[in-house]
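Engineer: sequence isn't available, so here's the structure alone:
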């Protein structure tokens, strides 16, 4: 089925480890986004990408790295995980039509011990 | 910079009653779009309703309707005949016409009392 697939759904790791969250879309939307969701903060934008090989920082980019070598994939990497990065992470795409909402993946719950 | 404010962190409503969730936003743009998303315990983000700023008529989707006041920059969500399945976190969101980023409020957690 068409949509956004995030993997893994749950991940537990230790501080200092590198972890990569995967995001794959089947629509070929140009724009892709990574958010983190924390209690009291709602959804905060980490990074976004307008097309393959084009990425930009969002509101809270520190400690994260993204890449977009292919339109359909937008992985998010925590190079050296910290406890403050424990969160639920959502990947999203926006159709290339202005009145359309974002489509979200099912989220990854990441716990850093 | 555009901002979206949801002033009610939590609300409760009796089953079958009507509840209104508030949302205000700040923008200097005239062409934009507004959305309400629902996030149940499953964590899925589900679009509830959308409103184009150029439309004066308030959007409705079955039991969900909005009160869009463009001059006041207000976009409240009304849920009629509340059902237990409506219990969720609700996010108000804003998108400019010329930008693909969407700005979210911090959310309102809605409890439905049986």
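Structural biologist: Happy to help now that I have it. What you see is a predicted model, and the numbers here were worked out from it, not measured in a lab.
Engineer: from now on I want contacts and neighbour counts done on CA atoms only, so please keep to that.
Structural biologist: OK.
Engineer: now whichever strand in chain A runs longest: average pLDDT?
Structural biologist: Assignment by DSSP state E gives strand A:42-51 as the longest strand of chain A. Across strand A:42-51, the average pLDDT comes to 92.
Engineer: give the pairing partners of it; include direction for each.
Structural biologist: Sheet pairing for strand A:42-51, assigned by DSSP bridges, gives strand A:31-38 (antiparallel), strand A:54-57 (antiparallel).
Engineer: all strands of chain A, in order?
Structural biologist: A:4-7, A:10-13, A:19-25, A:31-38, A:42-51, A:54-57, A:64-66, A:76-78, A:87-94, A:103-104, A:108-112.
Engineer: flag every residue of chain B that's near chain A.
Structural biologist: Contact residues, chain B versus chain A (Cα under 8 Å from any Cα of the partner chain): B:33, B:35, B:43-45, B:47, B:50, B:52, B:91, B:96-100, B:102, B:104-107.
Engineer: ChimeraX command for the buried members of these?
Structural biologist: The following ChimeraX line selects those of the residues of chain B next to chain A that are buried, judged by 16 or more other Cα atoms under 10 Å in any protein chain shown:
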select /B:33,35,43,45,47,50,52,91,96,97,100,102,104,105,106,107
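Engineer: so of the residues of chain B next to chain A, which ones are in helices?
Structural biologist: Residues of these located in helices (DSSP state H): none.
Engineer: returning to that earlier point: in CSV: the strands of chain A, plus mean neighbour count.
Structural biologist: Shown next, in CSV, are those (neighbours: other Cα atoms under 10 Å in any protein chain shown):
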stretch, mean neighbour count
strand A:4-7, 19
strand A:10-13, 14
strand A:19-25, 20
strand A:31-38, 23
strand A:42-51, 22
strand A:54-57, 14
strand A:64-66, 18
strand A:76-78, 19
strand A:87-94, 24
strand A:103-104, 22
strand A:108-112, 19
